[in-house]
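**Q** A structural model of the following input is requested.
(4 chains)
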Number of protein chains: 2
Amino acid sequence: MSESRAGSGGQGRVGGNLTWQAVRAEAIRRIREREWMPGSRIPDEAELAAELGCARATVNRALRDLAAEGYLERRRKGGTRVPETPVRKATFEIAVIRQDVEARGHRHGYRLLGDETGAAPDEIASALGLPKGTPLRHVRALHLADDAPFCLEIRWLNPELVPPERAVFDALSANEWLLRNLAYSAGSFGFSARTADAELAALMACPEGAALLAMDRTTFMDAVPITAATLIYREGYRLATTM
Amino acid sequence: MSESRAGSGGQGRVGGNLTWQAVRAEAIRRIREREWMPGSRIPDEAELAAELGCARATVNRALRDLAAEGYLERRRKGGTRVPETPVRKATFEIAVIRQDVEARGHRHGYRLLGDETGAAPDEIASALGLPKGTPLRHVRALHLADDAPFCLEIRWLNPELVPPERAVFDALSANEWLLRNLAYSAGSFGFSARTADAELAALMACPEGAALLAMDRTTFMDAVPITAATLIYREGYRLATTM
DNA sequence: AAGTGGTCTAGACCACAAA
DNA sequence: TTGTGGTCTAGACCACTTG
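**A** Okay, here's the model as predicted:
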């Protein structure tokens, strides 16, 4: 999705060569001004290249980028179409919690709450594709921002990949250890809202009944489960990104 | 990033040519196995191309893809590095609410709750970069899934771009009208949790005090504000994606 | 069967930022 | 200044899918 978007001066011609950003901009213009109607097929790459006066590869780069952003749909032999109702894509940056805290101008603190290995709850095991009752390492920790609770980290770990002897989370959080030591290859995550029960309220220093943002993730390395985690953020937390 | 990830049989050689996916896979392997250490610089494109036996453009495509995913950091003249603490990127698909409902196997329903134009609250005006008191169109609507409340849409609209005469939201939601009619070029969005007050509880048919997931967005077309919106989802809603 | 996008190559020039 | 990534070109072959 359109990285630097720099080019020679920004866009347009460079002595006769159109940049892919310029092609992209022209395509967006045509979509926005209904020159290319929703649902209709647009000219193929070779045609556009000839019309715009650039190489087909340049057109390809631009249209591929737009397809990744949801502006276009492309299929071999089927051609390129403007979607009836576009599904726009937005990118989130999943940073380490410590960095998140520091980026907000706070001092990061960390407290390990618990770390034991035992049979995983059924829902966790199934989310990781493991048989019921598989032993997993269960870690709970609290991240602080200027000494105030910021994020509760609740996690189940594959003990074979993250053995208690090798990976100690007294000072460095599992969140950070994993990101540094295990490059995951696949996974999923989601957002939901959760009501603070008495225990949560005590931990997060918020009123019982408060609404907290929860983010859950599962990650795998080549189909081998690494971890299932839930991160519960302090009251009022907002996770944001730009498009 | 990394679209189809197909290639000739998946990856690897095609009679002597490495695909960019194969180069990508090899790079990930070297990162994961610490052949390329975190923080260190990796060989430049020309070197890798020679080593792997492919064109530099192929290496470029692979490494550019990895950089977009957060696996690598690239800078001109600075070379390509493995980040100390990677910031992984994940992509969300922002679909029309109706499609979201239907994708979950429900029948979508819609009820317009209100539509008036008046001075915007200060916080809304400032989020859109408008002077205090700018008149905006204020629309509220409820989306239903099988007749049960699914999502409350609260929105402020730029009346010049979305005039009440031209854009009527009796049957088609503003959500869908906008996506169909105004391609936005920039914006931001965020997630947070919100407690249901009495009014919200009544609208969403949930207990007062329930935790609801809220998503807020602002969108612009070439720096011209289009809309600021808050979508409040039913209790228990989870917005998910994969990486 | 054939059309369209997906990708590779080899060579070239340029922009940017580090040395 | 100069090394490294960013991009363009022209030509080629291939893969997927639709007719």
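**Q** can you list the residues of chain A near DNA strand C?
**A** When proximity is defined by C-beta under 7 Å from any atom of the strand, chain A lies next to DNA strand C at A:6, A:8-9, A:14, A:44-46, A:56-57, A:60, A:63-64, A:67, A:74-80. In this view, the C-beta of every residue, glycine as well, is placed from N, C-alpha and C.
**Q** Find the centremost residue of chain A, please.
**A** Centroid-nearest residue in chain A, with C-alpha atoms, centre = their mean: residue A:92, separated by 4.4 Å.
**Q** For residue A:194, give the beta-bridge partners.
**A** Judged by DSSP bridges, the bridge partners of residue A:194 are residue A:212.
**Q** doesn't residue B:210 make contact with it?
**A** No: taking C-beta atoms under 8 Å as the definition, residue A:194 is not a contact partner of residue B:210, at 10.3 Å.
**Q** Quick check: neighbours shared by these two?
**A** Residues touching both residue A:194 and residue B:210 (C-beta atoms under 8 Å, 6 or more residues apart in numbering or on different chains): residue A:211.
**Q** How about residue A:52, nearest residue that isn't a chain neighbour?
**A** Leaving aside its chain neighbours, residue A:52 sits nearest to residue A:18 (5.6 Å; criterion: C-beta to C-beta, 6 or more residues apart in numbering or on different chains).
**Q** I'd guessed the one you found sits against residue A:48; true?
**A** No: Residue A:18 is not in contact with residue A:48 according to C-beta under 8 Å; the separation is 10.3 Å.
**Q** Show me where chain A dips below the pLDDT cut-off.
**A** Counting by pLDDT under 70, chain A shows low-confidence ranges at A:1-16.
**Q** circling back: kindly list the main-chain dihedrals of the residue nearest to the centre of chain A?
**A** Backbone torsions of residue A:92, given as degrees, to the nearest 10, read phi -110, psi 140.
**Q** Tell me if I'm right that it and residue B:88 touch.
**A** No: the criterion here is C-beta under 8 Å, and residue A:92 misses it with residue B:88 at 9.1 Å.
**Q** Now do the contacts for the residue nearest to the centre of chain A.
**A** Contact analysis of residue A:92 by C-beta under 8 Å, 6+ apart lists A:239, A:241, B:89-92.
**Q** who does it bridge with?
**A** The partner residues for residue A:92, given DSSP bridges, come to residue B:90.
**Q** now it: how far from residue B:237?
**A** Applying C-beta to C-beta, to the nearest Å, the value for residue A:92 to residue B:237 is 18 Å.
**Q** hey, where'd the helices end up in chain A?
**A** A:20-32, A:45-52, A:56-69, A:97-103, A:122-127, A:174-181, A:198-204 (DSSP state H).
**Q** and the closest residue to residue A:101 other than its chain neighbours, how many neighbours?
**A** Spatial nearest neighbour of residue A:101, excluding adjacent residues (C-beta to C-beta, 6+ apart): residue A:108 at 4.2 Å. For residue A:108, the tally of surrounding residues (other C-beta atoms under 10 Å in any protein chain shown) stands at 18.
**Q** before we move on, what about residue A:163?
**A** 12.
**Q** swap in residue A:29?
**A** As a burial measure, residue A:29 scores 12 neighbours (other C-beta under 10 Å).
**Q** That'll do, ta.
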